Each structure stands twice: as C-alpha cells, then as structure tokens.
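Colleague: no sequence on this one, just coordinates:
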DNA sequence: CGCGTGATGTGACTGAGTCACATCACCTAG
DNA sequence: CTAGGTGATGTGACTCAGTCACATCACGCG
C-alpha cells in the first residue's frame, strides 16, 4: 500500500497545524502546507476535500463508533441508556496521548469562523446519525432527537473541558459527568 | 438613501434563487446572479459576505428578536417560559406571504451540503445567543443551553412543517405545538 | 525482468473573494 | 442654480481554493 515516504496525511496535518498557529489560518496557503510536508497542492486535495477539512480528519470514525454502540447496546435499554452508550463510544475515540493535539486544534478552530462553521456541521452530523440509530432501535423520533442532542452535548462539553485543562480527569469521566449534569438540568427544566 | 434602481439586494436574492433552482447551486456563478439582477460581481459581494449568504439574508434579525424577547419577558418567568418567549419572537418573524419563498429556499438548501452547513451554523448562532440571553436573566448555564436548544429545535421543527405543507397551520401555532411535543418527550426521557 | 497498480507531480484552468480607483446619481449648502 | 459631498455602483486586476487530464515513479507480483 504505502510507498514513497509513508504518512503523507499525518505530515500534512502536522504541517497545517503548525502554520495555522504561526501565521493564522487565512494567511496560510494550501500550497505552503503541502510544501512543508514535502508534497504538492494537488496531493493535499487528494487527502482532504477542502482546506478546512485538514483539522477535522479522523472525525469520520466518530459516527461509525457512536452508531455501532447504539446498534449493539443491550436489548431493552432505555433511550437515555442508548444515548449513554453512544457517548461512551465517542469518548473512547480519543486516547489520552492526543489531548495536547486536541488543545492546539481547538484553539485554531475557535479563532476562525470558517472553521467553527465546519465544527458545528460535524457536530450536527454526529447528532443526526445517533438520532437515526436510536429510531432504528425503536425510539420515537422526537425523543431520539433529544437524546442524541443530550449525548452529543455531553460529548462536546466533556471534550472541551478535557482539552482546556490538561489536569482535568479522563475524557470518559468528564463526558459522563457532563451527561449527569445535563440529565438533571433537563429534568428540572421540563418539570411542570 | 436609495439611488439608481432601488432594491439591489432583493433583486440579487430573487435572481440567485431562480438560477439555483434552474441550474443548480454549483453551476451558478456569482457573476451570473449579478448580471441577472442588472449588477456586477463586485456589487454582489458588497451585499453578501459570500455566495452562500444570499440565501440566508434577513436571518440577522432573528437573533435580535429572540434575545429581545428574552430580555423583555415578565419578571419571575420560569426558564422554559423564557424559551417560549424567544420561540414566539422567532415564529413572528416570518409573515404568511413568504411561506412559498421559504419552501423554495429550503429545497435549494436541502440539496447542497455547502448550504446545509451554513444553515446549521446559523441555527447554532441563534441557539448560542438565546442561551446567553437566558444566562443574563439568571438561568444557570447548563439549563440555559438546554432551554435554548429546545426553543430553537421547536422553531426549526415548526418552520419545516410550515414550509413543507402550504395547508399546515400558522407558523406560531406549529412552533408552539412542536415545543409542547419536545417538552413532553424531554420530561419522559429524563425521568428516572 | 517486465507489468500493473497506486500514489504523487505538473501545468493549466475555473470561479470565489478582494481591492484600489473611477464614476455617477442624488442631496444639500451657498 | 451651481458646487461639493456622499454613497452606491462599475472596472480591471489580482490571489487563492479547488479541479482535471496527463505524465511519472516506486513497489509488488508473476
């Protein structure tokens, strides 16, 4: 499979991150990124659909993992338990060694609207996929949308705390704690 | 204020919508849109930040209306009542005469990922603004995020039904009905 | 050793988005 | 009635994202 210097995509991601941090996102050219990785612009676009996507590589597996967790959850699980299963799968996708990378990437994304837009889109794609998986498990559509939203919201809340503070607990713990907070707040807010 | 032929922005929006429907979004050039509106490409970009934005003009007032409704709600209102106030303000922003336009615009957006991404971003911007307005009214941050999500979700659910079926009820009614469904589902899902 | 395959390079091209500068309609002060 | 002033538009040139057809090169396999 691999020939030439292997790891082209990884080199492109690293080069992009360094240049974005140093020069800013808009001031960095896809040709510059490719050159720093020892490649050309055309090859950059062979690995990423567009310039933004270089910071979101690997998120593709999130949807698969989350939906697989819902599909494979225990028979008879309550809707919120299915959501928790999706949440655990999402949290398990990021090894502790990559926490520092997450921090750096998050800082770049937060600084540029164009990238925040893509981040929000990715988030909504995950939520939609989880909601579909929930309805496939028999959860009614409205409840599925809400449970998926809770799970994804817990995931991003936990992820942000994990990335923001290297001394914070593990990602799965932080995500579970966030889900507990959300469930409590939701119950209190919707009580009549 | 106005000189030349007035209504340049409206002409651009109408031209863009017609061309997008006829040729597709990607096959349509900003120069084509401008020409059809009797203008030039440069003027197009004086009215819209980018090509996508031409289909989202006017959404800027949604945030102002929704946050103003929260700011001005009755003293002592419960969090969900504040959310309902934001929802009513959002629903009131679309006169019945524009239902057909909403249907057409929605069809174009739904057919192109690039536009769906922008739509999701707009939605999240509204939700964030409402959440901020809620925290400013003393609602705790986690609950504010959830209530804002419920309100915005009710708004989009109602809006989609309103745009999808010209015989469906009024937008405010559809949005309120959606909020009722969501509250019931949320209460049932988060019950222990 | 020759051949197929897959990743990369090359060069040219389209179109989004920006910018400096010129122009023209309208309004207002004198 | 005229001279600026203002704000919206036009013009032409430019950068860069993203695409494409075609050439090239490394590697594995028969």
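Modeller: Cool, got the structure. Predicted, not measured: the structure shown is a model, and the values here were computed from it.

Colleague: stretch A:144-164 and chain B, any residue contact?
Modeller: Yes. With CB under 8 Å from any CB of the partner chain as the criterion, chain B is reached by stretch A:144-164 at A:145, A:146, A:147, A:149, A:153. Backbone N, C-alpha and C define where each C-beta goes, glycine included.

Colleague: quick one: contacts for the residue lying closest to the third one once chain neighbours are set aside?
Modeller: Right, residue A:147. Spatial nearest neighbour of residue A:147, chain neighbours left out: residue A:83 (4.1 Å); criterion: CB to CB, 6 or more residues apart in numbering or on different chains. Residues touching residue A:83, when contacts are defined by CB atoms under 8 Å, 6 or more residues apart in numbering or on different chains, comprise A:130, A:134, A:147, A:148, A:150, A:151, A:179.

Colleague: please tell me I have it right and the third one contacts residue A:77.
Modeller: Think residue A:147. No. Between residue A:147 and residue A:77 no contact is recorded; they are 11.2 Å apart, counting by CB atoms under 8 Å.

Colleague: the more surrounded of the two?
Modeller: Taking other CB atoms under 10 Å in any protein chain shown, residue A:147 and residue A:77 do not tie; residue A:147 has more neighbours (28 against 15).

Colleague: rewinding a little: could you redo the contacts of residue A:83 as JSON lines and give each row secondary structure?
Modeller: Formatted as JSON lines, the entries for the contacts of residue A:83 read as follows, by DSSP: H, G, I helix; E, B strand; the rest coil:
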{"residue": "A:130", "secondary structure": "helix"}
{"residue": "A:134", "secondary structure": "helix"}
{"residue": "A:147", "secondary structure": "helix"}
{"residue": "A:148", "secondary structure": "helix"}
{"residue": "A:150", "secondary structure": "helix"}
{"residue": "A:151", "secondary structure": "helix"}
{"residue": "A:179", "secondary structure": "helix"}
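
Colleague: ok, which pair from those residues is furthest apart?
Modeller: Between any two of the contacts of residue A:83, the greatest separation by CB to CB is 15.0 Å, found for A:134 and A:179.

Colleague: so which of the two has more stuff around it?
Modeller: residue A:134 (26 against 23).

Colleague: and the pLDDT at the more buried one?
Modeller: pLDDT for residue A:134: 98.

Colleague: also residue A:6?
Modeller: Here the pLDDT value assigned to residue A:6 is 74.

Colleague: buried ones in stretch A:131-146?
Modeller: Of all the residues in stretch A:131-146, those buried under the rule 16 or more other CB atoms under 10 Å in any protein chain shown are A:131, A:132, A:133, A:134, A:135, A:139, A:142, A:143, A:144, A:145, A:146.

Colleague: that older thread, state the helix or strand in which the residue nearest to residue A:147 lies.
Modeller: Here residue A:83, judged by DSSP states H and E, is contained in helix A:79-91.

Colleague: for residue A:49, what are phi and psi?
Modeller: Its backbone dihedrals place residue A:49 at phi -60, psi -40, with angles given as degrees, to the nearest 10.

Colleague: burial check on it, number of neighbours?
Modeller: The tally of other residues near residue A:49 (other CB under 10 Å) stands at 10.

Colleague: how much space between it and residue B:40?
Modeller: 30 Å (CB to CB, to the nearest Å).

Colleague: ranges for the helices of chain A?
Modeller: When secondary structure is read from DSSP state H, chain A shows helices at A:8-23, A:30-36, A:41-47, A:60-71, A:79-91, A:99-110, A:113-136, A:141-164, A:171-190.

Colleague: do any residues in the third one lie close to DNA strand D?
Modeller: Yes. Figure legend: helix A:41-47 in contact with DNA strand D (CB under 7 Å from any atom of the strand); contacting residues A:41, A:42, A:45.

Colleague: and the gap between the second one and residue B:58?
Modeller: The span separating residue A:42 from residue B:58 equals 40 Å under the rule CB to CB.

Colleague: on that earlier part again, can you list the residues of helix A:41-47 next to DNA strand D in a markdown table and add neighbour count, pLDDT and distance to residue A:169?
Modeller: Shown next, in a markdown table, are the residues of helix A:41-47 next to DNA strand D (neighbours: other CB atoms under 10 Å in any protein chain shown; pLDDT from 0 to 100; distance: CB to CB, whole Å):
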| residue | neighbour count | pLDDT | distance to residue A:169 |
| --- | --- | --- | --- |
| A:41 | 14 | 98 | 42 |
| A:42 | 10 | 98 | 43 |
| A:45 | 14 | 98 | 39 |
